[in-house]
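1. Predicted model, plus sequence, below.
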Amino acid sequence: MTIRKVKYYLYLKDVITLSVTAFGGPQAFLAMVLDIMVKKRHYITEEELWELHALCQILPGPTSTQTISAIGYRVGGPNLAYLSLLVWILPATIIMTAAAILVDFLQTQTEGSLDFAKFIQPMAIGFIIYAAQKTIGKMVKTTEAMVLMLLSAFVAFFYNSPYIFPFMLVAGGITTSLKFNKQPKIEEKSGIRIQWANFLLWGGVLILAATLGHFTKILPIRLFENFYRNGSLIFGGGQVLVPYLYTEFVEFKAYLTSEEFLTGYAISQGVPGPTFSISSYIGALSMRSAGLGVGGAIIGGLVSAAGIFLPGTFLIFFVIRFWDELKKYRPVRAALEGINAVSCGMLIAAAYLLFEPMPANFFNIAAIAITYFMLQFTKIPSPFIIIGGIVIGLGYQLFINNLIG
């Protein structure tokens, strides 16, 4: 693989531009990368961009972050790749950590009330339903995939444990890999030269974090391990992250309430940069039990960001060196269908699990439906929809407070 040398500051300046202006999800992100990094700067060719993005899509972890890191690796080697990772995630991490601190402060001032988020909580369900529709449309193409999706949705709903998700993904991949004969043949070369350093780094960090978390019980270390494990299992982008995080941090560990989770997810839809930044929000709120105040929230936001983003980066650096040969094996390509179908099923379960604690009244159902139809049939950017919901919610809370007062 050819590594092209460019001036670090120039590439990093373009990455920071993306990190503060890339609103609108993966489609908008790709369009901006194509415009800035391919057409304007010529860091890589358009064909190379699509190849790298396709590779990142089939690996666990945040696709946009892996794409940025992979381009950085191509144009400047490992050092530039890690610097671009840091620059890309930092603005969203700061914003979402600050959002968690603000949400906690506002709840303290209103005796635990989240009335200011009254509108954006059901709106978050609308975003998830819209994301599920788009994801299923792209990933579920066959009857077998549809059956796997429905089965995984059933299992994820009735056996809601973070430890069952990895087994579901493996089972889905094995199921579809058995029908590899339907995949077109590509000439295979015997022997793939694999460099194991980054894979061993990925596995070593996971084992070390799990061991330290188990024996020390230190909350930041446990948070890092929790997010690192989740970041190693997520296929399908930021929307698929939702069932994992909701199950582990709301249902299983009760670090957050369902209302707090929905508030954070809604806010994350209006923030530029990687959608995995919701992890910083969850990590910051999870640190409340440590009693460290704002400092603890900042620590929680940073370690959670490190945990969620690092495994995907290690894995892309591992696979990118031999992917051209690996993808020629039909069972490998066939397994992706099952993995993606299971991810879609978990996303369906997440939408229902998030709605379940919410009162099934006219207001909530109308807010979900209106949000979905705005996303589906208008060109209003997501940040404006979220900002509108926050403004209306704050106005509602002020009105209620004045009425009571």
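-> Received the coordinates, thanks.
2. Rounded mean pLDDT for whichever strand or helix holds residue 387, please.
-> In this structure, residue 387 sits in helix 382-404 according to DSSP states H and E. Average pLDDT, helix 382-404: 75.
3. which strands and helices sit next to that helix?
-> Applying 3 or more Cβ pairs under 8 Å, 6 or more residues apart in numbering; DSSP states H and E, one finds that helix 382-404 contacts helix 120-139, helix 258-268, helix 362-377. Placement of C-beta: from N, CA and C, glycine included.
4. Show me which positions of the longest one end up buried.
-> Of the residues in helix 120-139, those scored as buried under the neighbour-count criterion (16 or more other Cβ atoms under 10 Å) are 120-132, 134-136, 139.
5. Need the contact partners of the helix or strand following it.
-> Moving toward the C-terminus from helix 120-139, the next helix or strand (DSSP H and E) is helix 143-158. Residues from elsewhere that reach helix 143-158, judged by Cβ atoms under 8 Å, 6 or more residues apart in numbering: 136, 139-140, 164-165, 168, 172, 175-176, 179, 243, 247, 337-338, 340-342, 344-346, 348-350, 352-353.
6. quick one: the residue lying closest to residue 196 once chain neighbours are set aside from residue 367, how far?
-> Nearest residue to residue 196, sequence neighbours excluded (Cβ to Cβ, 6 or more residues apart in numbering): residue 318, at 7.7 Å. Note on residue 318: its distance to residue 367, by Cβ to Cβ, to the nearest Å, is 43 Å.
7. Look at residue 271 and give its secondary structure.
-> Of the three states, residue 271 takes coil under DSSP: H, G, I helix; E, B strand; the rest coil.
8. Pull the contacting residues for it.
-> Contacts were defined as Cβ under 8 Å, 6+ apart; by that measure residue 271 touches 92, 95-96, 277, 383.
9. which helices and strands sit right next to the longest helix along the chain?
-> Longest helix of the chain, by residue count under DSSP state H: helix 63-109. Secondary-structure packing of helix 63-109 (3+ Cβ pairs under 8 Å, 6+ apart): helix 8-21, helix 25-33, helix 46-57, helix 258-268, helix 278-286, helix 293-319.
10. Go through these and pick out the most buried.
-> For these, the largest average neighbour count (mean count of other Cβ atoms under 10 Å) is found in helix 278-286, namely a mean of 30.
11. What lies in contact with that one?
-> Outside helix 278-286, the residues that touch it by Cβ under 8 Å, 6+ apart are 92-93, 96-97, 99-101, 103-104, 219, 223, 227, 230, 238, 241, 245, 249, 253, 255-256, 260-261, 264-265, 267-268, 297-298, 300-305, 307-308.
12. Now do the residue nearest to residue 196, the pLDDT please.
-> Taking residue 318 on its own, its pLDDT is 86.
13. From residue 99, how far off is it?
-> 33 Å.
14. ok, now residue 343?
-> For residue 343, the distance to residue 99 (Cβ to Cβ) stands at 26 Å.
15. got a list of what residue 39 touches?
-> If a contact means Cβ under 8 Å, 6+ apart, then residue 39 has no contacts.
16. quick one: secondary structure of it?
-> Criterion first, three-state DSSP; result for residue 39: helix.
17. and stretch 166-178, which residues are buried?
-> Buried positions in stretch 166-178, judged by neighbour count with 16+ other Cβ under 10 Å: 168-169, 171-173, 175-177.
18. Surely residue 385 and residue 124 touch.
-> No - Residue 385 is beyond contact range of residue 124, at 10.9 Å (criterion: Cβ atoms under 8 Å).
19. Can you work out which residues contact both of the two?
-> Residues touching both residue 385 and residue 124 (Cβ under 8 Å, 6+ apart) are residue 269.
20. can you state the direction angle for the strand or helix carrying residue 332 and helix 46-57?
-> Using DSSP H and E, the element containing residue 332 is helix 330-355. Between helix 330-355 and helix 46-57, the angle comes out at 60 degrees (axes from the mean of the first three to the mean of the last three Cα atoms, to 10 degrees).
21. quick one: helix 330-355 to helix 258-268, angle?
-> Interaxial angle of helix 330-355 relative to helix 258-268 (the same axes, to 10 degrees): 120 degrees.
22. What's the mean pLDDT across helix 330-355?
-> Averaging pLDDT along helix 330-355 yields 78.
23. now swap in stretch 165-177 and tell me
-> On average, stretch 165-177 scores 82.
24. quick revisit: quick one: which two of the buried residues of stretch 166-178 are the most distant?
-> Spanning the widest gap among those are 168 and 177, at 14.9 Å by Cβ to Cβ.
25. So for the helix or strand where residue 207 lies, what gets flagged as buried?
-> Residue 207 is located in helix 197-216, with elements delineated by DSSP H and E. By neighbour count with 16+ other Cβ under 10 Å, helix 197-216 contains the buried residues 198, 201-202, 205-206, 209-210, 213.
26. Can you name every helix or strand that that helix contacts?
-> Counting contacts by 3+ Cβ pairs under 8 Å, 6+ apart, helix 197-216 is packed against helix 219-231, helix 293-319.
27. contacts for it?
-> 218, 221-222, 224-225, 228-229, 232, 307, 310-311, 314-315, 317-318.
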